[in-house]
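Undergrad: Everything below, folded, please.
(chains A and B)
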Amino acid sequence: EAQVTQNPRYLITVTGKKLTVTCSQNMNHEYMSWYRQDPGLGLRQIYYSMNVEVTDKGDVPEGYKVSRKEKRNFPLILESPSPNQTSLYFCASSLSGVRGAGETQYFGPGTRLLVL
Amino acid sequence: RKEVEQDPGPFNVPEGATVAFNCTYSNSASQSFFWYRQDCRKEPKLLMSVYSSGNEDGRFTAQLNRASQYISLLIRDSKLSDSATYLCVVASSSGSARQLTFGSGTQLTVLP
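TA: Now for the predicted structure:
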């Protein structure tokens, strides 16, 4: 089954404790991205990647890191989480790296993060 | 001003009603436009792309007005299962950057 998976789905952590949210897709997609969703603000793009080893900042990259060492995986790293990073996070992928933002995005199920 | 603006609603309509949502965008260089649907606590899913000539998919009609920089979604004969949040999405490119900008969503509840 074609899908985007994220782990963990739910996470409660404390300020400053490094964490990684994994994202994996099995559709051989080139474009992958991370979003956070907050009430009243909608989805905001954190980082995106047009292909392996190619990443770029989205609208709200501060406090986050990403890497794209393999085509299928795009982990989101919070080196020192803070309470303002409490949010619902979505990973997404689409087929083309160049036209990635202009194509259908396939979203993972979301990760609910609470930073105390 | 937000790059993509939507009326947050909520829109509460009876079954069978016709309902329309509008969305405005500020970047005149925007290239692709979409409507996504998001059910409560779930991931967004593509409802339909929006083409310049307008397009229809069953009970759903999407239109794009580039001159006025807005897109619309019309739902006819609404069903209970149409209850969801509808997200307006705009894709743009600037140099090598490829970004999607989401509206905050319009909440629709279809009542029996």
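Undergrad: Name the residues that touch the lengthiest strand in chain B?
TA: Ranked by number of residues, the top strand in chain B under DSSP state E is strand B:84-94. With contacts defined as CB atoms under 8 Å, 6 or more residues apart in numbering or on different chains, strand B:84-94 is touched by A:42-43, A:101-102, B:3-4, B:6, B:21, B:23, B:25, B:27, B:29-40, B:44, B:47, B:71, B:73, B:98-103, B:105-108. No exception for glycine: its C-beta is placed from N, CA and C like everyone else's.
Undergrad: Can I get the buried part of these as one PyMOL selection?
TA: Those of the contacts of strand B:84-94 that count as buried under 16 or more other CB atoms under 10 Å in any protein chain shown are selected in PyMOL with:
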select buried, (chain A and resi 42+43+101+102) or (chain B and resi 3+4+6+21+23+25+30+32+33+34+35+36+37+38+44+47+71+73+98+99+100+101+102+103+105+106+107+108)
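Undergrad: Now do the same contact list for the residue most central in space within chain A.
TA: By CA atoms, centre = their mean, the mean C-alpha position of chain A lies nearest to A:Trp34, the distance being 2.7 Å. By CB under 8 Å, 6+ apart, the contact list for A:Trp34 reads A:23, A:45-48, A:58, A:64, A:66, A:74, A:76, A:89-92.
Undergrad: go on, B:Phe11?
TA: Going by CB under 8 Å, 6+ apart, B:Phe11 touches B:19, B:21, B:106-109.
Undergrad: tell me which residues form a beta bridge with it?
TA: Legend: beta-bridge partners of B:Phe11 under DSSP bridges are B:Leu108.
Undergrad: okay if I get the contacts of B:Phe11 as TSV plus pLDDT?
TA: What follows is the contacts of B:Phe11, written out as TSV (pLDDT from 0 to 100):
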residue	pLDDT
B:Val19	96
B:Phe21	93
B:Thr106	94
B:Gln107	94
B:Leu108	96
B:Thr109	96
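Undergrad: which residues of the chain score low on pLDDT?
TA: All of this refers to chain A. Residue ranges of chain A with pLDDT under 70: A:97-102.
Undergrad: my question was about chain B
TA: Counting by pLDDT under 70, the ranges of chain B that qualify are B:1, B:94-98.
Undergrad: any chance you could map the strands in it?
TA: Here chain B has its strands, by DSSP E, at B:4-6, B:11-14, B:19-25, B:32-38, B:45-50, B:55-57, B:60-65, B:70-75, B:84-94, B:97-102, B:106-111.
Undergrad: got the residues of chain A near chain B?
TA: A:31, A:33, A:35, A:40-45, A:48, A:50, A:56, A:58-59, A:90, A:98-105, A:107-110 (CB under 8 Å from any CB of the partner chain).
Undergrad: I appreciate the help and will end here.
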